[in-house]
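S.K.: sequence unknown, structure follows:
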DNA sequence: CGATCTTGTACTATCGTTTGTACAGCCACT
DNA sequence: AGTGGCTGTACAAACGATAGTACAAGATCG
């Protein structure tokens, strides 16, 4: 027999069933705060039983209205179909749950207007804080939020002095440069991602600084911006290939998917990835190790980033002013930049080989 | 100068500023329903102006409490870092917004307990309906929801007679079988995905039925179950390669990421994808076309699936009993199953070639 | 054995919004 | 000129839960 449709039990029903007042029912079900007294053990037991029997569950809308606490955190991402951000969100969701919060998430497609609109909707829902995964140099949302006193943290990308949890992208870029220098490369191209995202620009900067420190240069037309996906990587790579001058022997793509797209473009141009051209990506997406030509890349602790983001935000909600967090990157060398792994044949001079990619899981 | 921290304007403040009652302010800001009368044009204008000036925005908690309408839809997914589900969610979010709803989403990791727990939390938040992207043969959540009168639709996977929006996976499997038969393959393996998910099992069934109809059989140990990701695909492929008997000349993986993992395993075994072994995936993820060896696959309209899911749910909320929707799949032949595209060399006998993969965007 | 303290419970106001109804003013009509 | 119909506004009661406080009963003390 179906229940009367959509009639969830209210606290009043529980109280009635247990023969107590709503107040007592409320206090029996959830710990007592403040100076009020707790119901007796017997009463508590009766209320609990009644609640279980009637399938009671608290109405979060009403509860939140009264307590002025939504226990809700909002997250903004460029888009969830981006594996990296989706993974970060998984970390956010997990940590938020542990901390007693729920989360909502919205795609902003890196559009400042969307970003603002989605943030406002979340604030209408009285989220207690925001986790911003799409911080960008454009738009004034962050300054505005700060002025209004809305608690927030950045994850993945940083900008300005706002509290952020990011990978140490400058170091990551440097690791890649060191690796490629170590393998004897001199002509290199960088697929640098979107110019407004710190992830791409920091990785690029770290790379170029290290490269320059080794006394080598990268011509300006060999640093190409483009979207963080396979199609974007393919296009950017194609632009490099179409440019005049000798082809690069190594490519650094600041994103694995862009790297995969670039692999396609290289192959179409008749070049063998890992032999004629080395390529290194960034993020170590789960796919990277499983590709036909496994992709060298830099691992970033994405789940961890999400978790730490929530922790930081919770600290801020508790009134602290925590410092930003930089998570260490880790180079994973695979066949795409290591001719030895690809089958022994070397491209040009033989490179020294050393295994760095110790797996963790 | 910072506003008094965290003090959003309430309707009362607007009313005061405009010199009217809260009632009138409420009616001026949002259309009037029922038998009540609308404020005059002048009043409405004054209220609107005050609201804009004070930066008012309705408190959804309070509003929802009073109206008993949260305008919130909940979606359950196995995990958002699964590209396919993330894309479906993008469609859901978009359509929900157009229909005046907001959405929340939760990962269930295909765990029945998580699934139930997350659904309950959403119902506590008074979501008006659920979009279930992780329907499985296990667990009794759906029957339970139905009994309780909770409106829901399934997307991506179907089960039982519940209203669902899915791809026509049986037909999709058949398309792949026809393609491989057409190319003259006789020995085939199927990487069939998780046994509890209709996506995998329907695609497998469609494939096997068509294959059988052509008078060919697939030995039981050539139909291997496993996770829908690259690592799962690699493992499943490895199991096929390790089995006794002659190697298959074609592989159907019911998921693109599994197909990519399988490509890795094949390559490790010294087999050339697209020449020695044909491989076809499923979903046409954006990566598939950009791979070094572009992957043949079956395109499923994922965004559309999400959108239609919301439409169906909204119809249900309006009291209708809409029929399930099957979206047509589309075969995209690329180099991984077409030796001509791979560079002219054929594996065994020459196959007829025909281009089917007209792009849309 | 009466006064005080403790303990458990209920009463009541409140969060911000919406909505049924009451009411005051105004116009037009007979 | 009196009545009826409109119109625009305000009052007050919800929605469901929580928190401060008041109050009744039992325990404890001199």
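M.R.: Cool, got the structure. Predicted model, so just to flag it, every value in this text is computed and none were measured.
S.K.: Which single residue of the stretch 151-300 of chain A approaches DNA strand D most closely?
M.R.: Ranking the residues of the stretch 151-300 of chain A by distance to DNA strand D (C-beta to the nearest atom of the strand) places residue A:151 first, at 20.3 Å. From N, CA and C alone the C-beta is placed, and that goes for glycine too.
S.K.: show me what contacts the spatially closest residue to that residue that is not a sequence neighbour?
M.R.: Distances taken as C-beta to C-beta, 6 or more residues apart in numbering or on different chains place residue A:129 nearest to residue A:151, at 4.0 Å, with adjacent residues excluded. Neighbour list for residue A:129: A:73, A:74, A:150, A:151, A:152, A:153, A:313, A:316, A:317 [criterion: C-beta atoms under 8 Å, 6 or more residues apart in numbering or on different chains].
S.K.: same thing but at 10 Å, please
M.R.: For residue A:129, the set of contacting residues under the criterion of C-beta atoms under 10 Å, 6 or more residues apart in numbering or on different chains consists of A:72-75, A:101, A:122, A:145, A:150-153, A:310, A:312-314, A:316-317.
S.K.: And for residue A:54?
M.R.: Taking C-beta under 10 Å, 6+ apart, one finds A:8, A:9, A:10, A:13, A:14, A:16, A:17, A:18 in contact with residue A:54.
S.K.: Where does the fifth one fall, secondary structure wise?
M.R.: Using DSSP states H and E, residue A:14 sits in helix A:11-18.
S.K.: Following that helix in sequence, what is the next regular element?
M.R.: Later in the chain than helix A:11-18, the nearest helix or strand by DSSP H and E is helix A:22-29.
S.K.: Quick one: mean pLDDT over that following helix.
M.R.: Taken as a whole, helix A:22-29 has an average pLDDT of 90.
S.K.: just stretch A:269-287 next, same as before
M.R.: Average pLDDT, stretch A:269-287: 94.
S.K.: repeat for stretch A:127-139
M.R.: The predicted model assigns stretch A:127-139 a mean pLDDT of 93.
S.K.: tell me how far the ends of that stretch are from each other?
M.R.: Its first and final residues considered, stretch A:127-139 spans 21 Å by C-alpha to C-alpha, to the nearest Å.
S.K.: Can you report how many residues neighbour residue A:160?
M.R.: The burial metric for residue A:160, expressed as a neighbour count using other C-beta atoms under 10 Å in any protein chain shown, is 11.
S.K.: Skipping its backbone neighbours, what lies nearest it in space?
M.R.: Nearest one to residue A:160, counting by C-beta to C-beta, 6+ apart, is residue A:142 at 6.8 Å.
S.K.: what residues does chain A put near DNA strand D?
M.R.: By C-beta under 7 Å from any atom of the strand, the residues of chain A that approach DNA strand D are A:10-12, A:22-23, A:26, A:29-30, A:33-37, A:56, A:58-59, A:62-63, A:65-67.
S.K.: Now which of those would you call buried?
M.R.: Neighbour-count burial (16 or more other C-beta atoms under 10 Å in any protein chain shown) is assigned, among the residues of chain A next to DNA strand D, to A:10, A:11, A:26, A:29, A:56, A:58, A:59, A:62, A:63, A:65.
S.K.: These: which ones sit near chain B?
M.R.: For chain B, the contacts drawn from those by C-beta under 10 Å from any C-beta of the partner chain are A:58, A:59, A:62, A:63, A:65.
S.K.: Just the ones of the residues you listed in helices?
M.R.: Judged by DSSP state H, these include A:62, A:63, A:65 as members of helices.
S.K.: so which of those residues would you say is closest to DNA strand C?
M.R.: Checking these against DNA strand C by C-beta to the nearest atom of the strand gives residue A:65 as the nearest, at 4.1 Å.
S.K.: and that closest one, what does it touch?
M.R.: Under the criterion of C-beta under 10 Å, 6+ apart, the contact list for residue A:65 reads A:59, A:126, B:59, B:60, B:61, B:62, B:63, B:64, B:65, B:66.
S.K.: So the fifth one is in contact with residue A:64, correct?
M.R.: Read that as residue B:61. Yes. Counting by C-beta atoms under 10 Å, a contact exists between residue B:61 and residue A:64, whose distance comes to 4.9 Å.
S.K.: Residue A:52 - how many residues pack around it?
M.R.: Counted with other C-beta under 10 Å, residues neighbouring residue A:52 total 10.
S.K.: tilt between the helix holding residue A:14 and helix A:22-29?
M.R.: Computed with axes from the mean of the first three to the mean of the last three C-alpha atoms, to 10 degrees, the direction of helix A:11-18 lies at 90 degrees from that of helix A:22-29.
S.K.: re the thing from before, got a PyMOL select line for the buried ones in the contacts of residue A:129?
M.R.: Command for PyMOL that selects the buried part of the contacts of residue A:129, burial taken from 16+ other C-beta under 10 Å:
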select buried, chain A and resi 72+73+74+75+101+122+145+150+151+152+153+310+312+313+314+316
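S.K.: got the phi/psi numbers for residue A:309?
M.R.: Torsion angles at residue A:309 (phi, psi; degrees, to the nearest 10) stand at phi -60, psi -50.
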